[in-house]
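model the structure of this input:
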Amino acid sequence: MSCSPRTILGGAAVSYALTTLACAANADSLGIGHVATPAQIAGWDIDVRADGQGLPQGRGSVREGDRIFAETCAACHGAKGEGKPADRLVGGFGTLETSKPVRTVGSYWPYASTLFDYIRRAMPFNAPQSLTPDQVYAVSAYVLYLNNIITEDTALDATSLPRVEMPNRNGLTSPDPRPDVP
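Just a heads-up that it's a prediction; the model follows:
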C-alpha cells in the first residue's frame with residue numbers, strides 16, 4: 001500500500017497537533033500557570049442559590065438602597081428603575097402572557113435571592129463585584145420596593161431575603177416528577 005506525500009504530510013500534521021495538545025494539557029511541563037489556592041477559589045465562589053444558600057452576612061434597607069441606587073444604578077436603569085439605556089427593572093405586571101411581555105424583576109424573576117446574586121456578581125456594570133454585601137442587600141431591597149413587593153420600612157438579610165415571595169415564583173418551572181439521577 002502506498003501513501004501520497006499529501007497523506008503523509010497530513011498525518012504528520014495531525015500527529016504534531018495531538019502531541020502539542022497533550023503537552024499543553026500539562027501546564028507544569030510548559031512552566032506556566034499554577035494551581036489555584038483555596039483563597040483564590042473562595043474569591044470566585046460567590047454564587048447564591050434560589051433557596052438562599054450562599055447568602056453572606058450583611059443587612060440593607062430600602063432607604064439605604066435608595067441612596068446607593070441613585071449613586072450607582074440610576075444612570076443605566078433610570079431614577080426609579082424604568083430603564084434606558086439599560087434594562088427596565090420595574091413594572092410589567094400582567095404582561096407575561098401577552099404577545100409583548102415586559103420582563104422585569106417584579107414581573108418575571110421568581111426568586112429574590114437570585115436578584116441578590118446577579119447584583120453582587122455583575123453590577124454595577126462599570127465595576128462588577130465592587131458593592132459590599134450590605135450595599136447589595138440594600139439595592140435588592142430598593143428594587144423589590146420599587147416593584148411593590150416589600151414595604152418601605154423593610155430591611156433584608158440572609159434570613160429574610162429568601163422568604164420574599166416574588167409574584168412569578170411559580171411561573172418558570174413546574175415540578176419535575178423524574179428523579180435527579182441519570
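
could you use CA atoms for every contact and neighbour count after this?
Noted.

so the residue positioned nearest the centre of the chain, which of the three states?
In the chain, the centroid-proximal residue (C-alpha atoms, centre = their mean) is residue 118; its distance is 3.6 Å. Of the three states, residue 118 takes helix under DSSP: H, G, I helix; E, B strand; the rest coil.

which residue packs closest to residue 150, ignoring adjacent ones?
Leaving aside its sequence neighbours, residue 150 sits nearest to residue 144 (C-alpha to C-alpha, 6 or more residues apart in numbering; 6.0 Å).

no, scratch that, I was asking about residue 68
Excluding its sequence neighbours, the residue lying closest to residue 68 (C-alpha to C-alpha, 6+ apart) is residue 139, at 6.6 Å.

now the host helix or strand of the one you found, how far from the chain's geometric center?
Using DSSP states H and E, residue 139 maps to helix 133-146. Relative to the chain's own centre, helix 133-146 is displaced by 15 Å; criterion: C-alpha atoms, centre = their mean, to the nearest Å.

likewise for stretch 41-60?
11 Å.

who's in contact with the closest residue to residue 83 other than its chain neighbours?
Once flanking residues are discounted, residue 83 sits nearest to residue 77: 4.3 Å by C-alpha to C-alpha, 6+ apart. Going by C-alpha atoms under 8 Å, 6 or more residues apart in numbering, residue 77 touches 83-89.

report the two of the residues you listed separated the most.
Maximum pairwise distance among the contacts of residue 77 (C-alpha to C-alpha): 11.7 Å, between 85 and 89.

more neighbours, those two?
Set residue 85 next to residue 89 and count neighbours by other C-alpha atoms under 10 Å: residue 89 wins out with 23 against 11.

might one say that the more buried one is in contact with residue 104?
Yes: assessed by C-alpha atoms under 8 Å, residue 89 is found in contact with residue 104 at 4.8 Å.

now the strands: where do they sit in the chain?
59-61, 155-157 (DSSP state E).

and these as a markdown table, adding mean neighbour count and mean pLDDT?
Below are those laid out as a markdown table (neighbours: other C-alpha atoms under 10 Å; pLDDT from 0 to 100):
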| stretch | mean neighbour count | mean pLDDT |
| --- | --- | --- |
| strand 59-61 | 21 | 98 |
| strand 155-157 | 22 | 98 |
